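>>> Sequence plus the predicted model coming up.
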Amino acid sequence: MSDDIRQQVRVIVAEQAMIEVSEVSPESTMEDLGLDSLGLVEIVFAIEEEFGVSVPYNANEPNSEEFDISTIKAVEDGVIKLVAEKV
Amino acid sequence: MSALGIGYDAHVAALREGRSGIGQIELIETDGLNIAIAAEAKGYVATEHFNRNELTLRDRVTQMALTAAGEAVTASGIEISDELAMRTATVIGTSMGGQHTQDDNYRLIYRDGKQRVHPFTVPKLMANAPASWISMEHGLKGPAWSVSTACASSNHAIGQAFHMIRSGMADAAVTGGAESGLTYGVLKAWEGLRVMSKDTCRPFSKTRTGMVQGEGAAILVLEDLETAKARGANILGEIVGFGMTADANDIVQPSLDGAARAMSAALSDAQINVSEIAYINAHGTATAANDKTECAAIRDVFGDHADRLMVSSTKSMHGHCIGAAGALEMVATLSALGSGIVPPTVNFEEPDPDCDLDVVPNEAREADIPCAVSNSFAFGGLNAVLVARRFDG
């Protein structure tokens, strides 16, 4: 289940970054993948639509501890948590 | 008119008290909204200003524009003769036009499955409706148009009206801006951008959490200084400079260079020295991107004098009124010039090292203000800056 979520998040990120899914590694940062704040906002939107969750992300506080976006793994962990909380 | 009250006196009194008009939205159903706060003009009751037939043709944005214009024309004491009517311009900023009309009617056809909308939907929602209604109501027959540059709309409008009078293209102008976009669709759109605050608007504060939408209108009557003096008008202040630039950079991220060039252009147009400026009414949206860039741009333009400036954001009180923002802030600026009382940046909690200017936190301040600047920097990188001078008689 959680592996599926990780894969789906990587697909979303890859699509936004216009790269292959295989190029998205857990350690990648948004910056590594060439994603700016607008790209990130679009990823958050796509995640919310895909998983039916609400991501507590505010572009004014990108480093807020509410939702960690420091690496792809952190985003995946956050989404897994949000999906678990939903049920 | 704004969340701070209806009329000049109410608006200015709230600015001096440092009273914020931000609160829970009551105008529309908020079920389904993640962010349900705004600076809503709760003191405005449409039926106190317009009858049923008038409301059928006037969206809320037009109602607000007309209400403000009525007060402005009366307070100015200007008499629009047949001759002056031909020489009076109407230049009104609005970013989004009749959003309540659009939202209500989209809901009818897309959600409720209705087959038809009200026959006056087009004239109510068109963005030039506020300008057209003001010209009709006051019989102003000179150049009239609307200006739409998002958050800079009304600064662009006032600036163009000012230049028209200075160049002799018009003898008088009714100018400013109006916005009423607190609709479900518009608020959802802003939510999507992830720059909205859930608590309140805290410009320049390290603890800022984003912007808060507002609504309102502010209208000014402009004329040549000598003409105004000769007829004994109640002169609020003198607009002396206007500068506008484009960032040519990014559709949402502001640029230091574009903002700084707009301020420099306005100061140059005003033909005054930077040391004469005592106060800046900042764009101050309380987004991290704006506040840091704006403070850096002010330092860039003013150099050492930046440390002697007072810089406040009245959006902390009347919210971000988008197309009306510049006009409401010019009213705040003129009131500061006339009274020597600088409106504060309220909701301020903690200094941000990236905004290390005197932001007049939380309490209004008495000061000698010979000249002031009012900044507007729009999404899309369109910047408009006005400079005003105190009228000393």
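That came in fine, so what should we check first? Numbers count the residues shown, from 1 in each chain, chains lettered A, B, ... in the order given.

>>> show me what contacts B:I272?
Residues counted as contacts of B:I272 (C-beta atoms under 8 Å, 6 or more residues apart in numbering or on different chains) are B:V240, B:G241, B:C371, B:V387, B:R389. No exception for glycine: its C-beta is placed from N, CA and C like everyone else's.

>>> swap that for B:G177, please
Residues in contact with B:G177 (C-beta under 8 Å, 6+ apart) are B:65, B:92-94, B:147, B:153-154, B:157-158, B:217-218, B:321, B:323-328.

>>> Which secondary structure state is assigned to it?
Using DSSP: H, G, I helix; E, B strand; the rest coil, the secondary structure recorded for B:G177 is strand.

>>> Identify, from the contacts of B:I272, the entry nearest to chain A.
Closest approach to chain A among the contacts of B:I272 (C-beta to the nearest C-beta): B:V387, at 29.6 Å.

>>> Look at that closest one and tell me its secondary structure.
strand.

>>> surely it meets B:F242?
Yes. The pair B:V387 / B:F242 is scored as a contact, 7.4 Å apart, by C-beta atoms under 8 Å.

>>> Now do the shared contacts for these two.
B:A266, B:D269.

>>> So between those two, which is more surrounded?
Higher neighbour count among B:V387 and B:F242: B:V387, with 29 against 23, using other C-beta atoms under 10 Å in any protein chain shown.

>>> got the contact list for that one?
Neighbours of B:V387 in contact, by C-beta under 8 Å, 6+ apart: B:239-242, B:266-267, B:269-270, B:272, B:277, B:371-374.

>>> among these, who's most crowded?
Counting by other C-beta under 10 Å, top hit in the contacts of B:V387: B:S374 with 30 neighbours.

>>> The host helix or strand of it: how far from the chain's middle?
In this assignment (DSSP states H and E), B:S374 forms part of strand B:371-378. Offset of strand B:371-378 from its chain centre (C-alpha atoms, centre = their mean, to the nearest Å): 10 Å.

>>> Mind putting the contacts of B:V387 into a markdown table with pLDDT?
Output for the contacts of B:V387, formatted as a markdown table (pLDDT from 0 to 100):
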| residue | pLDDT |
| --- | --- |
| B:I239 | 98 |
| B:V240 | 98 |
| B:G241 | 98 |
| B:F242 | 98 |
| B:A266 | 98 |
| B:L267 | 98 |
| B:D269 | 98 |
| B:A270 | 98 |
| B:I272 | 93 |
| B:I277 | 98 |
| B:C371 | 98 |
| B:A372 | 98 |
| B:V373 | 98 |
| B:S374 | 98 |
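
>>> and of the residues you listed, the nearest to chain A?
Distances from chain A to the contacts of B:V387, taken by C-beta to the nearest C-beta, are shortest for B:S374, at 23.5 Å.

>>> Let me know whether the closest one touches B:P343 as I believe.
No. Contact criterion C-beta under 8 Å: B:S374 and B:P343 do not qualify, at 11.6 Å.

>>> residue closest to the middle of chain A?
Central residue of chain A (C-alpha atoms, centre = their mean): A:V75, 4.3 Å from the mean position.

>>> what helix or strand is that one on?
Short version, using DSSP H and E: A:V75 is in helix A:72-86.

>>> Mind listing residues that contact that helix?
So helix A:72-86 is contacted by A:2, A:5-6, A:9-10, A:13, A:24-29, A:43, A:47, A:51-55, A:67-69 (C-beta under 8 Å, 6+ apart).

>>> Name only those of these that count as buried.
Burial by neighbour count, 16 or more other C-beta atoms under 10 Å in any protein chain shown: within the contacts of helix A:72-86 this picks out A:5-6, A:9-10, A:13, A:24, A:28, A:43, A:47, A:51, A:53, A:55, A:67, A:69.

>>> Identify the farthest-apart pair in those.
The largest separation in these, counting by C-beta to C-beta, is between A:S28 and A:V53 at 21.7 Å.

>>> follow-up on the earlier one: in strands, which of the contacts of helix A:72-86 appear?
Nothing among those maps onto strands, per DSSP state E.

>>> Chain B next: which of those are close?
A:S54 (C-beta under 8 Å from any C-beta of the partner chain).

>>> so of the contacts of helix A:72-86, which ones are in helices?
Mapping the contacts of helix A:72-86 onto helices (DSSP state H) picks out A:S2, A:I5, A:R6, A:V9, A:R10, A:V13, A:I43, A:I47, A:F51.

>>> Need the residues touching each of B:S374 and B:P343.
B:N281, B:A332.

>>> Please list the residues of the stretch 1-150 of chain B that sit near chain A.
So the stretch 1-150 of chain B meets chain A at B:N34 (C-beta under 8 Å from any C-beta).

>>> list the contacts for the residue in the stretch 1-150 of chain B that chain A sits nearest to?
Nearest to chain A, among the residues of the stretch 1-150 of chain B, is B:N34, at 7.0 Å (C-beta to the nearest C-beta). By C-beta under 8 Å, 6+ apart, the contact set of B:N34 is A:S54, B:E191, B:K198.

>>> so what secondary structure elements neighbour the lowest-mean-pLDDT helix or strand in chain A?
Of all helical and strand segments in chain A, the minimum by mean pLDDT, DSSP states H and E falls on helix A:37-51, at a mean of 92. Other elements packing on helix A:37-51 under the criterion 3 or more C-beta pairs under 8 Å, 6 or more residues apart in numbering or on different chains; DSSP states H and E are helix A:2-17, helix A:72-86, helix B:184-193.

>>> at 6 Å what do you get?
helix A:2-17 (3 or more C-beta pairs under 6 Å, 6 or more residues apart in numbering or on different chains; DSSP states H and E).

>>> so when I look at B:M244, I'm seeing a strand, right?
Yes. Using three-state DSSP, the assignment for B:M244 is a strand.

>>> Can you name the residues that contact the closest residue to it other than its chain neighbours?
Nearest residue to B:M244, sequence neighbours excluded (C-beta to C-beta, 6 or more residues apart in numbering or on different chains): B:A384, at 4.7 Å. Residues near B:A384 by C-beta atoms under 6 Å, 6 or more residues apart in numbering or on different chains: B:A152, B:N155, B:H156, B:G159, B:M244, B:S376.

>>> correct me, but the last one touches B:S153?
No. Judged on C-beta atoms under 6 Å, B:S376 makes no contact with B:S153 at a distance of 8.1 Å.

>>> Give me the neighbour count for A:E76.
21.

>>> do B:A259 as well
Neighbours of B:A259 using other C-beta under 10 Å come to 27.

>>> and it, what element?
Per DSSP H and E: helix B:256-270 holds B:A259.

>>> Please save the CA atoms from that helix in PDB.
What follows is helix B:256-270, C-alpha atoms only, in PDB (Å, rounded to 0.1, in the frame of the first residue of the first chain):
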ATOM      1  CA  LEU B 256      13.500  43.900  -6.700                       C
ATOM      2  CA  ASP B 257      14.500  45.600  -9.900                       C
ATOM      3  CA  GLY B 258      11.000  46.200 -11.200                       C
ATOM      4  CA  ALA B 259       9.800  47.600  -7.900                       C
ATOM      5  CA  ALA B 260      12.900  49.800  -7.400                       C
ATOM      6  CA  ARG B 261      12.600  51.200 -10.900                       C
ATOM      7  CA  ALA B 262       8.900  52.100 -10.300                       C
ATOM      8  CA  MET B 263       9.700  53.900  -7.100                       C
ATOM      9  CA  SER B 264      12.700  55.700  -8.700                       C
ATOM     10  CA  ALA B 265      10.500  56.700 -11.700                       C
ATOM     11  CA  ALA B 266       7.800  58.100  -9.500                       C
ATOM     12  CA  LEU B 267      10.300  60.100  -7.400                       C
ATOM     13  CA  SER B 268      11.900  61.400 -10.600                       C
ATOM     14  CA  ASP B 269       8.500  62.300 -12.000                       C
ATOM     15  CA  ALA B 270       7.700  64.200  -8.800                       C
END
